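In: here are the coordinates; sequence isn't available:
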């Protein structure tokens, strides 16, 4: 079947880039075997199959269409994200990016549904419905976490990652594509921190890690240099600089700090357990709960930082 289809910039972002080698394999497969999977569309806009459609048009290959029915673009976006996450490992940036996009849209959809139903609160409190059940202000991340088997704070973190990735795409699409395709590797926290970088710094990162032809061959060297770049920016000058010098060897026990942290953490755990046992959450103030929640999310971020280097 031949038909002129349209694309949407926001939906194209969800079509995870692939390497040139993978693109050539896909093209060869389509030319040899034809397009075996239909192009999924909604209102004439491609939801799934952007790469296959482009190759089919260029090579004059017939293709079938699966015309999906959704209420609006938000529901279509949720379908794309939930449909594609199975193609990636949980530790991969594409997986985390798609979860973050899914959550952001799902949160908006749930908000609009609650608003139309008349049980919405603007004070971030527990909201009573007409059927005597309750919604918590964070129920979207909680329900998604249960569905996907992950912590609520992880869902929130992936949202911040996806927002940072979208900003990178607006400034330097090549860097965005390189990160999602795996040509350049950054940790979750590194990507999230890029949200604070100015446009010039993002462009310099693209030049450093994308423009050079031997990125993959120099992956180890790039990683060491990248850490210097990120640390330099985190100090607040937003300028990429190289700091060189002689490595200082530890004068004392190299495990001293780790042992100290290991001994401290049980006290944190005890404090959390004590707070849970001694506090009636139903009467605790919302401000106190929000402040604690924010600090726990920051603690979780730092825990993930440490786990990445252990």
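Out: Structure's in. What do you need? These figures come from a predicted structure and were not determined experimentally.
In: what's the next secondary structure element after the helix or strand encompassing residue 258?
Out: Assigned by DSSP states H and E, residue 258 belongs to helix 256-278. Moving toward the C-terminus from helix 256-278, the next helix or strand (DSSP H and E) is helix 286-309.
In: Flag every buried residue along that next one.
Out: 297, 300, 301 (16 or more other C-beta atoms under 10 Å). Placement of C-beta: from N, CA and C, glycine included.
In: Among those, which one lies nearest to residue 59?
Out: residue 301 (46.4 Å; C-beta to C-beta).
In: Now residue 37. Its backbone dihedrals?
Out: When read as degrees, to the nearest 10, the backbone of residue 37 gives phi -100, psi 140.
In: list the contacts for it?
Out: 49, 52 (C-beta atoms under 8 Å, 6 or more residues apart in numbering).
In: Relative to residue 144, how far out is it?
Out: From residue 37 across to residue 144, the span is 27 Å (C-beta to C-beta, to the nearest Å).
In: how about the helices in the protein?
Out: 9-13, 20-33, 50-59, 73-84, 93-117, 139-148, 152-171, 173-181, 188-193, 199-206, 219-232, 256-278, 286-309 (DSSP state H).
In: Does anything pack onto the fifth one? Which helices or strands?
Out: Meaning helix 93-117. helix 73-84, helix 139-148, helix 152-171, helix 173-181 (3 or more C-beta pairs under 8 Å, 6 or more residues apart in numbering; DSSP states H and E).
In: can you tell which of these is closest to residue 94?
Out: Nearest of the helices and strands packed on helix 93-117 (C-beta to C-beta): helix 173-181, 5.5 Å.
In: Next, the angle from the closest one to helix 199-206.
Out: Counting by axes from the mean of the first three to the mean of the last three C-alpha atoms, to 10 degrees, helix 173-181 lies at 50 degrees to helix 199-206.
In: Buried residues, helix 173-181. List them.
Out: 174, 175, 176, 177, 178, 179, 180, 181.
In: what's the closest of the residues you listed to residue 52?
Out: Residue 52 has its nearest neighbour among the buried residues of helix 173-181 in residue 181, at 17.1 Å by C-beta to C-beta.
In: ok, now how distant is that closest one from residue 269?
Out: Counting by C-beta to C-beta - residue 181 and residue 269 are separated by 40 Å.
In: who are the neighbours in contact with the closest residue to residue 80 other than its chain neighbours?
Out: The shortest distance from residue 80 to any residue other than its chain neighbours is 5.0 Å, reached at residue 14 (C-beta to C-beta, 6 or more residues apart in numbering). Applying C-beta under 8 Å, 6+ apart, we find residue 14 in contact with 77, 80, 81, 84, 98, 101.
In: from memory the third one sits against residue 97, does it?
Out: No - Residue 81 is beyond contact range of residue 97, at 9.0 Å (criterion: C-beta atoms under 8 Å).
In: of the two, who's got more company?
Out: A direct count of neighbours by other C-beta atoms under 10 Å for residue 81 and residue 97 places residue 97 higher, at 26 against 20.
In: which residue is nearest the middle of the protein?
Out: residue 97 (2.8 Å; C-alpha atoms, centre = their mean).
In: Isn't that residue up against residue 181?
Out: No - counting by C-beta under 8 Å, residue 97 stays clear of residue 181, with 11.7 Å between them.
In: Common neighbours of those two, please.
Out: Shared contacts of residue 97 and residue 181 (C-beta under 8 Å, 6+ apart): residue 16.
In: on that earlier part again, of all the contacts of residue 14, which two lie farthest apart?
Out: Most distant of the contacts of residue 14, by C-beta to C-beta, are 77 and 84, 11.0 Å apart.
In: Which of these two has more residues huddled nearby?
Out: residue 77 (25 against 17).
In: who's in contact with the more buried one?
Out: Residue 77 makes contact with 10, 11, 14, 101, 102, 105, according to C-beta under 8 Å, 6+ apart.
In: Of the residues you listed, which count as buried by neighbour count?
Out: Buried members of the contacts of residue 77, scored by 16+ other C-beta under 10 Å, are 11, 14, 101, 102, 105.
In: gap between residue 269 and residue 276?
Out: 11 Å.
In: Show me how the protein divides into domains.
Out: The record assigns the chain these domain ranges, following automatic domain parsing: 9-69, 86-237.
In: for the first one, how far is the first residue from the last?
Out: The reference is to domain 9-69. Using C-alpha to C-alpha, to the nearest Å, one end of domain 9-69 lies 20 Å from the other.
In: Thanks a lot, see you next time.
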